[in-house]
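[1] need a structure here:
(one chain, ligands or ions: 1)
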Amino acid sequence: MDELDYNTCNATFRSLTDQQRLMVEETSRLIGAGDDLELTSYGCGFGMFELELIARVPRRTVWFQGVDTNGEAVARLRTELTGLPKVRGHSVLTASMADVADFRIAPTEYGLFVQSLCYLDADDGMAVLKEARNRHRVLIVAVTPLNRLNGPFAESLARQGVTRPLFAQTLAEELARFGIEFRSVTVGAEIAVPVSEPAHRLLEFLTFARHQPWHGGTSRAELLDAVGELGTLSAGHVRIPHPVEVFAIG
Ligand SMILES: C[S@@+](CC[C@H](N)C(=O)[O-])C[C@H]1O[C@@H](n2cnc3c(N)ncnc32)[C@H](O)[C@@H]1O
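    Modelled structure (predicted):
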């Protein structure tokens, strides 16, 4: 994605879906109320999900640990966390979660993988999960099923050699294969794109939805047609199913 800034496209995409809010609600429900929360997020990025979870989870204070390969995102998240009174401390590392034995990662009660485990092939991802089970009492993994919307993302992973990524169906199969008990809930999120969206927002949305530069037509009518193909039109919106599976392990 080089023609448009990745973060702008991602922000537009996320602003049109209730997926993050519903995932935060489900994750908060799993964690439950209490005093302090010790949490590690693998693939934390700059914390779009994590910061909302910290704000909403019914805990008085949070100690946060994050791991991501993207150094810029890590630096940005550190700055955000430093300003939050609810965060009593944090450690955010530029590292790969595939480096399973990284001794810098401290044990915490909860280990979180939000939309990040699918970047790994099944063998690597399961090795990461197994090691994480030794560090955390409960693992929560949020990942979408492989569907039409993330097909292009799966193709781009395949080009990078990740041929069996851990999307929801594959993760469930692998957990069963290794006899690891889990509970999972389907969060029935959707994307609602108002037909009144300006052309630049439609372009950003399509670019991110397809995870690559948009090569189709760029008039407003053409962009709207392309969005329309992804979902169904109702009440002035194109509605596109965007479910996510939330797994609780441990
Ligand atoms: C879709 S983003 C999710 C970010 C964050 N969890 C959220 O929901 O806002 C996926 C993140 O996984 C990170 N990632 C991908 N492969 C990784 C790896 N092997 N180790 C650590 N992070 C990784 C990417 O850099 C990216 O920040």
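[2] do you know how far Leu166 is from Tyr119?
    8 Å (Cβ to Cβ, to the nearest Å). All C-beta spots, glycine's among them, are computed from the backbone N, C-alpha and C.
[3] More neighbours: which of those two?
    Set Leu166 next to Tyr119 and count neighbours by other Cβ atoms under 10 Å: Leu166 wins out with 28 against 20.
[4] Name the nearest residue to the more buried one, sequence neighbours excluded.
    Of all residues not flanking Leu166 in the chain, Gly125 sits nearest, at 4.1 Å (Cβ to Cβ, 6 or more residues apart in numbering).
[5] now Ala95
    Val67 (5.2 Å).
[6] all strands in this protein, in order from the N-terminus.
    Using DSSP state E, the strands of the chain run over residues 34-42, 59-68, 87-94, 108-114, 136-143, 182-187, 190-194, 232-234, 237-241, 244-249.
[7] starting at the chain centroid, how far to the shortest one?
    In terms of Cα atoms, centre = their mean, to the nearest Å, the gap separating the centre of strand 232-234 from the centre of its chain is 26 Å.
[8] could you give the mean pLDDT of it?
    Here strand 232-234 scores 96 as its mean pLDDT.
[9] How much space separates the spatially most central residue of the chain from the ligand?
    Centroid-nearest residue in the chain: Gln115, 2.6 Å away (criterion: Cα atoms, centre = their mean). For Gln115, the distance to the ligand (Cβ to the nearest ligand atom, to the nearest Å) stands at 4 Å.
[10] Val141 is in contact with that residue, correct?
    No. Taking contacts as Cβ atoms under 8 Å, Gln115 lies outside contact range of Val141: 9.6 Å.
[11] Could you identify which of the strands of the chain is most buried?
    Sort the strands of the chain by mean neighbour count, taking mean count of other Cβ atoms under 10 Å, and strand 108-114 sits at the top with a mean of 24.
[12] ok, back up a step: just the pLDDT at the residue nearest to the centre of the chain, thanks.
    pLDDT, Gln115: 95.
[13] In contact with it, which residues?
    Contact analysis of Gln115 by Cβ atoms under 8 Å, 6 or more residues apart in numbering lists 43, 49, 142-144, 244.
[14] redo that, cut-off 7 Å
    By Cβ atoms under 7 Å, 6 or more residues apart in numbering, the contact list for Gln115 reads 142-143.
[15] same question, the one 5 residues further on
    Taking Cβ under 7 Å, 6+ apart as the contact definition, Leu120 lies against 98, 128, 162, 165-166.
[16] Please tell me how far the residue lying closest to Thr40 once chain neighbours are set aside sits from the ligand.
    Nearest residue to Thr40 in three dimensions, chain neighbours excluded: Gln65, at 4.2 Å (Cβ to Cβ, 6+ apart). Relative to the ligand, Gln65 is positioned 13 Å away (Cβ to the nearest ligand atom).
[17] and if you look at Thr232?
    Thr232 sits 26 Å away from the ligand, taking Cβ to the nearest ligand atom as the criterion.
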